[in-house]
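Peer 1: Please work out how this folds:
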Amino acid sequence: MEKKILEPIQVGNMTLKNRIMFPPLTTGYEERDGSIGARSLGFYERLAKGGVSYIVIGDVAPVRTASPTPMLYDDSQIPAFQKLAEALHAHGSRLALQIFHPEYDVQGVGRLIMQAGMERQAAAQAQAQGNEEEFQKQTAQAEKTTKEAYAKLRHDMQHFVDEAGIEQLAQIKASIAQCAARAQRAGVDAVEIHGDRLLGSMCSAMLNHRSDGYGGSFENRTKYALEVVAAIKEAAPEMAVEYKLPLITVNADGSLRGKGGLEEEEVVAFAKLLEQAGVDMIQVAQANHTGNMGDTIPPMGDVPYNWTLPVARRVKQAVSIPVATVGRVITVEAGEKILKDGDADMIGYGRSLLTDPDIAVKTAAGECIRECLNCNKGCVDAIQSRRYISCVLNAENGDETTICLKKADSVKNVAVVGAGIAGLEAARVAAKRGHKVTLFEKSGKIGGQIHLAAVPPRKSEILRAVTYYEKMLPEWNVELKLNTQPDAEQLNGFDAVIAAVGAHNMDLPIPAENSRIVSSWDVLNGAEAVGTCAVLGGGLVGTETAEYLAAKGNKVIIIEMMDKIAAGESATVMPLITKDFEAHGVEQHVNTKVREIKDHVIYAVNTVDHTEVTISADVIVNALGSKKNVFDESGITVPVTYIGDCSGERTADIAAAVRGGYHAANEL
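Peer 2: Residues are numbered from 1 along each chain as shown. Below is the predicted model:
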């Protein structure tokens, strides 16, 4: 029996071939001017090839902004979107543009940014002419103007919703409608109205403090959004209209999550008004406007799977138009249940489609799908840092036009030594290309350090990375040899060797005597650590080990040489760690260098004020880092390629390990 998720559905005047949707995500793939270039086209076309029926381009601005988002504010930009629409239509996919207007005075901020740019140009010109006085003057003025621009931006993000005049709001509404008209001319199938940002702020009882006809009552607060719907329908009558309806949810502690949207009862009431206004589909999603992307795209372990579904279910019961749900729907099985239960009509797989763009075609073929970890390392972190989006498990994101699996010119007999994540990806790629692959692993299970990474609080979901390979190695005909360390004679029987032998917890580089010292790896592997535990090293492993020990009821102290702990942690995860540390009273000593350890006492010095620091502990945990394992090449006569932790002086994170394995195997 065919799965419900593969059934077609009618949304307005467009037919979607299945219920799989790519919801709006800021990708960073657009060109600097906001146009759709080769990178964007390649990414979205790859989703279409994978069978996604409905692809929404996130954050399309109807005005020229300084934000790095797609833009459609001028007729000259229409051909690029037309090319995108045609490319997706060729694969049976439908295209929507999520049109939004930022919650700030775009023109005002833009003028200041342009002025600062002109002042920098004047400074450069003065410097080239040898006029040092003018150079200093223009440089100082550019810095002053830039500060004014960002000060205005920060002010507007909180107050623009209250301060925007009626005429200004009318101009914004007109720009959104004109953008929709351009989208229609480009052959785009639908408009998704971004109900967050400015519209969500207008609807929000928390953010909207207006005293005119757009403020106060529920009817007044939602009036502007309904006017925008009407303007779009008038300007682009041939297009389907979807509304992203932002929901302010309730956290486990009773606090509210999100600001720029509506609480549950008002969401249901507004959904009815949207249907009456002619909206063809509603997407119920988490509200934002908090400054933390983790609120809308939460990391693993933070909130339940598909935490907004209870309200989406209520909206579905209140309206007759299709309803989409989004947010931590990881598996096809979860999406299938939602559809069969009648709780929603479309499933938004955002991060999941970054991990595996072939969800639809694999579901139809009954194949295993590589599942998202919700780690936020490659995707959300990238958005917040103004880099292009990617998934730690997918080496092709954003480079689909230049990176793909190449069929092998001739079949080679390949040995991969080490079944950590780098070795597993190398085995996958080599086998998919047509090579004969044997994977050696000295322990009794595959996955390497992933098993350690899964131990700390909220981290168990990372095991999905290993589960995928466990299921698929037999399908790829990879011969797996556990509890095996091949010697040179065995490896010389292959055409090529890929070494992925990993790393180990480095030895303690500090004088120590008469103290119980254990490695962070041993602790995460189950070594007993009870009482006051001092963790030496506040990197990612040290921080997570500290969380693990604190959760077990220990008194925990972190000692870190740098000025902060967990410097490389995701910006959406760090607030959770901070909250956890506060709850468990975890002490942090940063800018602290350990000199020696003696009789369970750590003798250290603060590198800023040079004061002495003395800390007593029952257990001292060495989390100062890892060191690569050495692969013995002696006697091996066939080519050896190194990947993962053992490939360089610095150990690799999961993204680097996957990409190293991918590229090494793809070049065999």
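
Peer 1: Could you report the neighbour count for G568?
Peer 2: 10 (other CB atoms under 10 Å). C-beta: built from backbone N, CA, C; applies to glycine.

Peer 1: Doesn't it lie inside a helix?
Peer 2: No: read with DSSP: H, G, I helix; E, B strand; the rest coil, G568 is coil and lies in no helix.

Peer 1: pLDDT-wise, which helix or strand of this structure ranks last?
Peer 2: Here the helix or strand of the chain ranked lowest by mean pLDDT, DSSP states H and E is helix 380-384, holding a mean of 78.

Peer 1: which residues are contacting the helix or strand just after it?
Peer 2: Next helix or strand after helix 380-384 toward the C-terminus (DSSP states H and E): strand 413-417. Strand 413-417 has contacts (CB atoms under 8 Å, 6 or more residues apart in numbering) with 423, 426-427, 430, 435-440, 486, 490-491, 493-501, 631, 665, 668.

Peer 1: quick one: contacts of the least confident helix or strand of the chain?
Peer 2: Contacts for helix 380-384 (CB under 8 Å, 6+ apart): 25-26, 28, 293-294, 297, 299, 387-390, 570-572.

Peer 1: Could you point out the longest helix of the chain?
Peer 2: The longest helix of the chain (DSSP state H) is helix 132-163.

Peer 1: give me the element A360 is part of.
Peer 2: Here A360 sits within helix 359-365, counting by DSSP H and E.

Peer 1: Could you list the buried residues of that helix?
Peer 2: For helix 359-365, the neighbour count (16 or more other CB atoms under 10 Å) marks I359, A360, K362, T363 as buried.

Peer 1: Now do the third one against K3, distance only.
Peer 2: Counting by CB to CB, to the nearest Å, the separation of K362 from K3 is 12 Å.

Peer 1: Report the contact partners of the residue sitting nearest the centre point of the chain.
Peer 2: Central residue of the chain (CA atoms, centre = their mean): C379, 2.4 Å from the mean position. By CB under 8 Å, 6+ apart, the contact set of C379 is L25, I297, R351, L354, I389, S390, C391.

Peer 1: May I ask you to confirm that the fifth one is in contact with D399?
Peer 2: No: proximity of I389 to D399 does not meet the contact threshold set by CB atoms under 8 Å, at 11.8 Å.

Peer 1: Those two: who's more crowded?
Peer 2: Shown here are I389 and D399; by other CB under 10 Å, I389 has more neighbours (22 against 15).

Peer 1: What residues sit buried inside stretch 148-162?
Peer 2: Neighbour count says stretch 148-162 has A149, K152, L153, D156, M157, F160, V161, D162 buried, by 16+ other CB under 10 Å.

Peer 1: Can I get those in CSV including distance to V188?
Peer 2: CSV is the format used below for the buried residues of stretch 148-162 (distance: CB to CB, whole Å):
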residue, distance to V188
A149, 32
K152, 33
L153, 29
D156, 29
M157, 29
F160, 28
V161, 28
D162, 33
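
Peer 1: Looking at those residues, which is nearest N525?
Peer 2: Distance to N525 across the buried residues of stretch 148-162 (CB to CB) is lowest for M157, with 45.8 Å.

Peer 1: just to revisit the earlier point, mind checking which of the contacts of helix 380-384 are buried?
Peer 2: Looks like these have 25-26, 28, 293-294, 297, 299, 388-390, 570-572 buried, using 16+ other CB under 10 Å.

Peer 1: where along the stretch 51-200 of the chain do the strands fall?
Peer 2: Taking DSSP state E, counting those that start in this stretch as the criterion, the stretch 51-200 of the chain carries its strands at 54-60, 94-99, 190-194.

Peer 1: and of those, who's closest to A419?
Peer 2: Checking these against A419 by CB to CB gives strand 54-60 as the closest, at 35.4 Å.
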